[in-house]
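*Asks:* next one to model:
(2 chains)
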There are 2 protein chains.
Amino acid sequence: MNYIREVDGGFSIIKNLKVSGAREGKYGVSVILCENSTASAVFTTNKVVAAPVTYTKNVVENGIVSAVVVNSGNANCFTGQQGIEDCRRIVDLASKELDIPASEIAVCSTGVIGREMPMDIISDVFHESISKLGNTSKNSLDAASAIMTTDTFPKEEALEVTLNTGEIVRIAGITKGSGMIAPNMATMLAFIVTDAVIPKKHINEAIKTAAGLSFNMIVVDGDESTNDSCLMMANGASGINVVKNNEIDSNFQQALNQLCINLAKKMARDGEGASKFIEANVRGAKTSDDAKLAAKSIITSPLFKSAVFGGDPNWGRIVSAIGYSGCDLNPDIVTIAIADETEDVDLVKNGEILAFEDTPYLKTAEKIMQSKNIIVNIDMALGDGEATAWGCDLTYDYVKINAEYTT
Amino acid sequence: MNYIREVDGGFSIIKNLKVSGAREGKYGVSVILCENSTASAVFTTNKVVAAPVTYTKNVVENGIVSAVVVNSGNANCFTGQQGIEDCRRIVDLASKELDIPASEIAVCSTGVIGREMPMDIISDVFHESISKLGNTSKNSLDAASAIMTTDTFPKEEALEVTLNTGEIVRIAGITKGSGMIAPNMATMLAFIVTDAVIPKKHINEAIKTAAGLSFNMIVVDGDESTNDSCLMMANGASGINVVKNNEIDSNFQQALNQLCINLAKKMARDGEGASKFIEANVRGAKTSDDAKLAAKSIITSPLFKSAVFGGDPNWGRIVSAIGYSGCDLNPDIVTIAIADETEDVDLVKNGEILAFEDTPYLKTAEKIMQSKNIIVNIDMALGDGEATAWGCDLTYDYVKINAEYTT
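*Replies:* Numbers count the residues shown, from 1 in each chain, chains lettered A, B, ... in the order given. Just a heads-up that it's a prediction; the model follows:
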């Protein structure tokens, strides 16, 4: 796949784009200035949605986004009419300062639910952020940092892709996790900008496909947030249209998928309290939906996640998690293996159990379970369905972080 | 409800019943001798089922159970043909020792998945157990103790019920938890015996109804085990038939529900690592299925469970958990309150948020969250659906117990 090249610099690789970030205590504000971009978004499916989600849905439906203002520290969720008014106040501020129409400004929030927005502080941090707008690597990193809540490191990705036509376009993105990472989206915000030209209809398809393979396949704790939003903007700065004959360029879609998967894996790796990274690969499922169910169930199981934390080769918990996932399963033909970067071992082969006590299989499994990266490979031997999900272990620190979050 | 009286003594209140329990290290064996009982059972819905579940389903379908042999320490799950053969070996032992037909003997197991049964040890402990068969309170407690795995206390309940006819019958039961307690059943075993006469068809209905209100409404971690079994036997020792005009006596059903709810609450209270007990009451839901979804979602949310552990009044996590539960919800009319034994406080009233920062509502909530028993009361204001679910907090000890279970 050398038509996709990962590069440094985050958002700085995109022309006609300015970003910034500032923080005061637990409150951060990032601004993305991406004038006249076509845009699309994927939002939380939680029935309780934060005010900025409701607000930004309308903005995105209009089709053009010229700026995004994001705050961390307060989710502006379950804040009633006041919440919507606070969105408008932020947008009005941004509209005045940036001299762009209010109708083209999106807002996103992440943080505590059910507390009114501290608008004085948010305004101050907004002004500080906007005074720093620019297009350097540092600007990008500042923006990625200012949206963090319990994240331990900023998350950005950038890549260049050579299209099937030989032309080159760029995609960059930032994201934040890191609890409430659940089957459908997460307590996550993701912002992706490309310098390609993409008509509205196709940008919609493109981001839905990519999110389905990435952000919707990571689990930290199984909770689903009220604020999850993934916004994609195409500012067209390259002048290159990635849609030909009503089809999106396949290299572009591949690159977008890869960018989103890279960001999603960073989120899983930085799950609240995470000490280990888990990847679950399922193949041979009856359908790809079945494969997704099984892969996510492994990644979600608190029992398996605790076992990974403890380095305990309790593979029965993998079996059990697949069993209750709702997918079709025949235990008599399933193959279960675990691996790390250097070794892999079958635990169950075509339904036959190998990893009984005092076997070399179990001994190798014990060794693998000590690794920082645990890979679970399942072959259901029922069909062609495939899926991969990513997650992390369940640790003392997860409990600690979430026992003390608002206080 | 003084037609139901809780009494001491566990299984000892039932005539013509002998029980026993013995333990050696992590392996325990309990025996319940209940000759010529009609019987019914509810089993795990996990697609991976342990050998004793497969085996015992057939026994129960035959309709008469005269003895149950239960072992802890090994789940006899994912053990292939050997697992079924090991069930038969246990049944043959019991048939010979107790002089009852093998076809009337049920077996259950709980413990580690994917390890062959250590039949030498299990046989030894079985023989020790059977040598102690009797009908004292101590026998009952021994039986309740021998089936424990990570449980911290034995769980038994007994009650007398005055039927609508004025006649009196008795019900007693034992159970074990305590991880993998999930939406549908749990890593639980429950054994219930009544001295009433109940025809096969009606015992089936009776235990299904009771399990739906109790064992299916507790959550420890959201994992669902491969071994969950709830067996109910009616040995008819009282000579009193609780079915009249093809209907089960309503007092009897109430009493059975109460017994199962009491056992279920003990399991929730003794969830792995639990330091606090949580009850979630949902009313005003569109349907009772919706109410169940919402109540269970609150009890399952790792974020809310961590907040309870930390005594953090982060009620936004309750809102969020209801929002992604799949139930119908209108955030603008919902009422959310929390309570303990002495106080209760509205956090959100008819959609209006009361518990903002620095309010007396939030201060009271902070105080309540320090209690050992946290009650969450939700009124969705959409219909007549009601449900209650029980659970526990997510603690360091949960992680510790499950990080070290097999090793």
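
*Asks:* only C-alpha atoms for contact and neighbour calcs from this point on.
*Replies:* Fine.

*Asks:* shaky segments in the stretch 151-300 of chain A?
*Replies:* A:178-187, A:220-225 (pLDDT under 70).

*Asks:* what ranges do the helices span in it?
*Replies:* Secondary structure of the stretch 151-300 of chain A by DSSP state H, counting those that start in this stretch: the helices cover A:200-213, A:250-269, A:288-300.

*Asks:* of the ones you listed, flag the one that's most buried.
*Replies:* helix A:288-300 (a mean of 27; mean count of other C-alpha atoms under 10 Å in any protein chain shown).

*Asks:* now check that helix, is it near chain B?
*Replies:* No - using C-alpha under 8 Å from any C-alpha of the partner chain, we find that helix A:288-300 stays clear of chain B, coming within 9.0 Å at best.

*Asks:* can you list the domain ranges for chain A.
*Replies:* A:4-268, A:277-403 (automatic domain parsing).

*Asks:* can you map out the helices along the stretch 301-407 of chain A?
*Replies:* Counting by DSSP H, counting those that start in this stretch, the helices of the stretch 301-407 of chain A are A:302-310, A:316-323, A:360-368, A:396-403.

*Asks:* reformat those helices as CSV; add mean pLDDT, distance to residue A:164 and mean neighbour count.
*Replies:* What follows is those, written out as CSV (pLDDT from 0 to 100; distance: least, C-alpha to C-alpha, whole Å; neighbours: other C-alpha atoms under 10 Å in any protein chain shown):
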stretch, mean pLDDT, distance to residue A:164, mean neighbour count
helix A:302-310, 87, 42, 28
helix A:316-323, 86, 39, 25
helix A:360-368, 93, 41, 19
helix A:396-403, 76, 45, 22
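
*Asks:* any idea which of the ones you listed gets closest to residue B:122?
*Replies:* Residue B:122 sits nearest to helix A:316-323 of all these, at 20.5 Å, using C-alpha to C-alpha.

*Asks:* from the contact counts, what lies against that closest one?
*Replies:* Judged by 3 or more C-alpha pairs under 8 Å, 6 or more residues apart in numbering or on different chains; DSSP states H and E, the packing partners of helix A:316-323 are helix A:288-300, helix A:302-310.

*Asks:* do you know how far the residue nearest to residue A:303 when sequence neighbours are not counted is from residue A:281?
*Replies:* In space, and not counting its chain neighbours, residue A:303 is closest to residue B:402: 6.2 Å by C-alpha to C-alpha, 6 or more residues apart in numbering or on different chains. Distance, residue B:402 to residue A:281, by C-alpha to C-alpha, to the nearest Å: 23 Å.

*Asks:* roughly how far does the residue lying farthest from the centre of chain A sit from residue A:127?
*Replies:* The C-alpha centroid of chain A is most remote from residue A:358, which lies 40.4 Å away (C-alpha atoms, centre = their mean). Separation of residue A:358 from residue A:127 (C-alpha to C-alpha): 64 Å.

*Asks:* can you check residue A:259 too?
*Replies:* Going from residue A:259 to residue A:127 by C-alpha to C-alpha gives 30 Å.

*Asks:* again, but for residue A:196
*Replies:* Counting by C-alpha to C-alpha, the gap from residue A:196 to residue A:127 is 30 Å.

*Asks:* ok, now which ones touch the closest residue to residue A:137 other than its chain neighbours?
*Replies:* Using C-alpha to C-alpha, 6+ apart and skipping the chain neighbours, the partner closest in space to residue A:137 is residue A:9 (4.6 Å). Taking C-alpha atoms under 8 Å, 6 or more residues apart in numbering or on different chains, we find residue A:9 in contact with A:136, A:137, A:140, A:158.

*Asks:* wait, doesn't the last one sit right on residue A:7?
*Replies:* Yes - using C-alpha atoms under 8 Å, residue A:158 is in contact with residue A:7, at 5.5 Å.

*Asks:* those two: which is more packed in?
*Replies:* Per other C-alpha atoms under 10 Å in any protein chain shown, whichever of residue A:158 and residue A:7 has more neighbours is residue A:158, with 27 against 14.

*Asks:* so what's that one bridging to?
*Replies:* On the basis of DSSP bridges, residue A:158 is bridged to residue A:172.

*Asks:* relative to the whole chain's centre, how far out is stretch A:365-374?
*Replies:* Distance of stretch A:365-374 from the chain centroid (C-alpha atoms, centre = their mean, to the nearest Å) equals 25 Å.

*Asks:* make that stretch A:61-69, sorry
*Replies:* 20 Å.

*Asks:* rounded mean pLDDT for it, please.
*Replies:* For stretch A:61-69, the mean pLDDT works out to 94.

*Asks:* not counting that stretch itself, show me its contacts.
*Replies:* Counting by C-alpha under 8 Å, 6+ apart, A:29-40, A:59, A:90-91, A:94, A:100, A:104-108, A:200, A:233 sit against stretch A:61-69.

*Asks:* restricted to strands, list those.
*Replies:* For these, the ones inside strands are A:29-40, A:105-108, A:233, with DSSP state E as the criterion.

*Asks:* quick revisit: which of the contacts of residue A:9 has the most neighbours?
*Replies:* Among the contacts of residue A:9, the one with the most neighbours (other C-alpha under 10 Å) is residue A:140, at 29 neighbours.

*Asks:* helix, strand or coil for that residue?
*Replies:* helix (DSSP: H, G, I helix; E, B strand; the rest coil).

*Asks:* surely it and residue A:10 touch.
*Replies:* Yes - using C-alpha under 8 Å, residue A:140 is in contact with residue A:10, at 5.7 Å.

*Asks:* identify the contacts common to these two.
*Replies:* When C-alpha under 8 Å, 6+ apart defines a contact, the residues bordering residue A:140 and residue A:10 alike are residue A:156.

*Asks:* for stretch A:292-307, C-alpha coordinates in PDB please.
*Replies:* The C-alpha trace of stretch A:292-307 is given here as PDB (Å, rounded to 0.1, in the frame of the first residue of the first chain):
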ATOM      1  CA  LYS A 292     -18.300  -7.500  14.500                       C
ATOM      2  CA  LEU A 293     -20.500  -8.800  17.300                       C
ATOM      3  CA  ALA A 294     -17.900 -11.400  18.300                       C
ATOM      4  CA  ALA A 295     -14.900  -9.100  18.000                       C
ATOM      5  CA  LYS A 296     -16.600  -6.400  20.100                       C
ATOM      6  CA  SER A 297     -17.800  -8.800  22.700                       C
ATOM      7  CA  ILE A 298     -14.200 -10.000  23.300                       C
ATOM      8  CA  ILE A 299     -13.000  -6.500  23.600                       C
ATOM      9  CA  THR A 300     -15.900  -5.500  25.900                       C
ATOM     10  CA  SER A 301     -15.800  -8.400  28.400                       C
ATOM     11  CA  PRO A 302     -14.800  -7.100  31.800                       C
ATOM     12  CA  LEU A 303     -13.700 -10.600  32.700                       C
ATOM     13  CA  PHE A 304     -11.400 -11.000  29.800                       C
ATOM     14  CA  LYS A 305     -10.100  -7.400  30.100                       C
ATOM     15  CA  SER A 306      -9.200  -8.100  33.800                       C
ATOM     16  CA  ALA A 307      -7.500 -11.300  32.800                       C
END
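
*Asks:* re the thing from before, so residue A:196 and residue A:127 - more neighbours on which side?
*Replies:* Between residue A:196 and residue A:127, counted using other C-alpha under 10 Å, residue A:196 has the larger neighbour count: 24 against 16.

*Asks:* ok so, going back, of the contacts of residue A:9, which is the nearest to residue B:368?
*Replies:* residue A:140 (43.6 Å).

*Asks:* so who does the closest one touch?
*Replies:* Contacts for residue A:140 (C-alpha under 8 Å, 6+ apart) come out as A:9, A:10, A:11, A:12, A:19, A:20, A:156.

*Asks:* could you measure from the fifth one over to residue A:133?
*Replies:* Same thing as residue A:19. Distance, residue A:19 to residue A:133, using C-alpha to C-alpha: 5 Å.
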